[in-house]
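1. have a look; sequence and predicted model below, questions after that.
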Amino acid sequence: MNEQDAWITWEESGMPHRARWRSESQAMPAALLPVDDTLTANAAFKLVSEGTGLLWRGDFHNGRQLLQALGRRVDKPPRAHPPRKGAQASAPAPDAAALARDAFARHRATQARRAALLGRVLLQFEPDHSIALRRAPDVRAAVDEAWGAPDGAPAIASLRELQGLVGAHEWRKKGVDVPALHGRIHPHFGVFSPLRGEYLDLIAQAPLPAGADALAFDIGTGTGVIAALLARRGVRQVVATDLDPRAIACATENLARLGVGPQVRVVQADMFPDGRAPLVVCNPPWVPTVPNAAIERAVYDPDSAMLRAFLAGLAAHLAPGGEGWLVMSDLAEHLGLRTRDEMLGWIADAGLRVLARHDTRPTHPKAGDPTEPLFAARSREVTSLWRLGAA
């Protein structure tokens, strides 16, 4: 069901109430309980653990403190239990790939549980998207950007979701510096921000194939950052595609802001535009698993669906002698979720061959943080630009 069509009901002061349910990732709670500053963190933790949504009626800043207190309880490590008496390890020791998959599955399960529990602290938004709580900030601009113009109905959303809306609003205002572009990209709410610049450096430095100065395709453009980079490299016409209306609006705005709008045509399409090009670039999601939230679709791709679709359709959209540039991290390989042989098999099955590969190491903080849950995999990660041609 579209979250625009979802309504949540509850009873308060003996009167029934109804509001739109606003969430792109959070399930609607089965029960909704109005609460205020008298609720203790322990009582709140018990309620959210049971699936109850807490409709906050107290001071706004106290609500934020409650959310932080709940976060500390959620993050508390579970008590270790000693092995049962007489228990024996009869199963063979798992291999490295199985251990990596298990660590990743536990990490994702922990993330999902945390999001679900903390997402049950809820706020009511008035029909104009304001919040009628003491010391509540004016969030109407951030909410309007994400939800659109007010429609005259009250709404319920989680405090965590509001924090995400406000964060996205600030990113959109100040933008993200992209050194390869010598400019800034301004991501919209729901469109993944290009915070990792190493793959953009690969695109900026790889030699353009013959004819690519005339035309290139950017598949899954998102913020438009790759299309802008290709235009800045002198490609006279870039066709950038995306299926998400938010990405279409975001890319169009960024390309105009960077002064390359006339060189780029943004098209709403599932994967490829019509025709063939000397250069076709794609940066699909890198990790083949189910996303927990809408924004994660830029990172997590069940069964490598977008990667496989790009490879399967690439040959039919390459001009003679053209190249497909696939930007891909090998993090999934280190997590035991996909093998290198599998990807090479998909390339061969699509009638493609590897012309060259340019590698770089990630520079983001998680790659060098031993306390990061997936450090063993992240510390070995390599990001590559695969240059592919017809076999």
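-> That came in fine, so what should we check first?
2. for the stretch 51-200 of the chain, give me the ranges with low pLDDT.
-> Counting by pLDDT under 70, the stretch 51-200 of the chain contains low-confidence ranges at 80-94.
3. one more time with 50
-> For the stretch 51-200 of the chain, no stretch is flagged by pLDDT under 50.
4. right, and residue 145 touches residue 191 too?
-> No. Residue 145 is not in contact with residue 191 according to C-beta atoms under 8 Å; the separation is 11.3 Å. Heads up, the C-betas are built off the backbone N, CA and C, glycines and all.
5. tell me which of the two has more neighbours.
-> Comparing residue 145 with residue 191 by other C-beta atoms under 10 Å, the one with more neighbours is residue 191, at 27 against 17.
6. can you map out the helices along the stretch 101-250 of the chain?
-> If DSSP state H, counting those that start in this stretch is used as the criterion, the helices of the stretch 101-250 of the chain fall at 140-147, 159-174, 198-205, 225-232, 245-257.
7. for the closest residue to residue 138 other than its chain neighbours, what are its contacts?
-> Setting aside the residues directly before and after it, residue 138 is nearest to residue 130 in space (C-beta to C-beta, 6 or more residues apart in numbering), at 6.9 Å. Taking C-beta atoms under 8 Å, 6 or more residues apart in numbering as the contact definition, residue 130 lies against 136, 138-140.
8. find the centremost residue of the protein, please.
-> Most central in the chain under C-alpha atoms, centre = their mean is residue 296, positioned 2.7 Å from the mean C-alpha point.
9. how many neighbours does residue 57 have?
-> If you count neighbours by other C-beta under 10 Å, residue 57 ends up with 17.
10. do the same with residue 65
-> Under the neighbour criterion other C-beta under 10 Å, residue 65 is assigned a count of 12.
11. residue 321 sits in which helix or strand?
-> Element membership for residue 321, per DSSP states H and E: strand 318-329.
12. er, residue 20 I mean
-> In this assignment (DSSP H and E), residue 20 forms part of strand 15-21.
13. same question for residue 11.
-> Under the criterion DSSP H and E, the helix or strand holding residue 11 is strand 7-12.
14. could you do residue 32 as well?
-> Following DSSP H and E, the helix or strand that holds residue 32 is strand 31-35.
15. domains in this protein, as residue ranges please.
-> By the assignment in automatic domain parsing, the chain contains the domains 3-74+116-170, 175-390.
16. nearest to residue 105, of those domains?
-> For these, the distance to residue 105 is smallest for domain 175-390, at 8.6 Å, taking C-beta to C-beta.
17. first-to-last residue distance for that closest one?
-> Criterion C-alpha to C-alpha, to the nearest Å; first-to-last residue distance in domain 175-390 is 38 Å.
18. what's the burial count for the residue nearest to residue 210 when sequence neighbours are not counted?
-> Distances taken as C-beta to C-beta, 6+ apart put residue 321 closest to residue 210, at 6.1 Å, once the chain neighbours are dropped. Residue 321: 11 surrounding residues under other C-beta under 10 Å.
19. and residue 321, what's its pLDDT?
-> Model confidence at residue 321, expressed as pLDDT, equals 96.
20. if I look at it, how far off is residue 20?
-> Plainly put, residue 321 is 53 Å away from residue 20 if you go by C-beta to C-beta, to the nearest Å.
21. go on, residue 270?
-> When C-beta to C-beta is the yardstick, residue 270 and residue 20 sit 29 Å from each other.
22. who's more crowded, the two?
-> Neighbours around residue 270 and residue 20, counted as other C-beta under 10 Å, are more numerous at residue 20. The numbers are 19 against 11.
23. got the contact list for the more buried one?
-> Residues in contact with residue 20, defined by C-beta under 8 Å, 6+ apart, are 3-4, 6-8, 151, 153-156.
24. how about 10 Å then?
-> Applying C-beta atoms under 10 Å, 6 or more residues apart in numbering, one finds that residue 20 lies in contact with 3-8, 125, 127, 147, 151, 153-157.
25. strands of the stretch 251-391 of the chain, start to end?
-> Under the criterion DSSP state E, counting those that start in this stretch, strands of the stretch 251-391 of the chain are mapped to 264-268, 277-282, 318-329, 352-360, 383-390.
26. residue 127 touches residue 147, doesn't it?
-> No. Taking C-beta atoms under 10 Å as the contact criterion, residue 127 and residue 147 are not neighbours in contact, 11.9 Å apart.
27. okay, these two: which has more neighbours?
-> Neighbour comparison, residue 127 and residue 147: the larger count goes to residue 147, with 19 against 13 (by other C-beta under 10 Å).
28. tell me the spatial nearest neighbour of that one, not counting adjacent residues.
-> Using C-beta to C-beta, 6+ apart, the nearest residue to residue 147 is residue 22, at 6.5 Å.
29. what do you get for residue 48?
-> residue 120 (4.2 Å).
30. who's in contact with that neighbour?
-> When the contact criterion is C-beta under 10 Å, 6+ apart, the partners of residue 120 are 26-27, 29, 31-33, 44, 47-55, 70, 158-160.
31. repeat for residue 308
-> If you count contacts by C-beta under 10 Å, 6+ apart, residue 308 has them with 284, 288, 301, 342-343, 346, 349-350.
32. pLDDT score assigned to it?
-> Value listed for residue 308 in the pLDDT field: 96.
33. got it, and residue 367?
-> Per-residue confidence at residue 367 stands at 76 (pLDDT).
34. quick check, residue 180 in contact with residue 230.
-> No. In terms of C-beta under 10 Å, residue 180 does not count as a neighbour of residue 230; the distance is 11.1 Å.
35. any buried residues in the strand holding residue 20, and which?
-> Neighbour counts using 16 or more other C-beta atoms under 10 Å place 17, 19-21 of strand 15-21 among the buried residues.
36. now that strand - C-alpha only, CSV.
-> Once non-C-alpha atoms are left out, strand 15-21 reads as follows in CSV (Å, rounded to 0.1, in the frame of the first residue of the first chain):
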residue,chain,number,x,y,z
MET,A,15,-12.2,10.7,21.3
PRO,A,16,-11.2,8.8,18.1
HIS,A,17,-8.5,10.4,16.0
ARG,A,18,-7.2,9.7,12.5
ALA,A,19,-4.1,10.8,10.6
ARG,A,20,-2.0,9.9,7.5
TRP,A,21,0.8,7.4,8.2
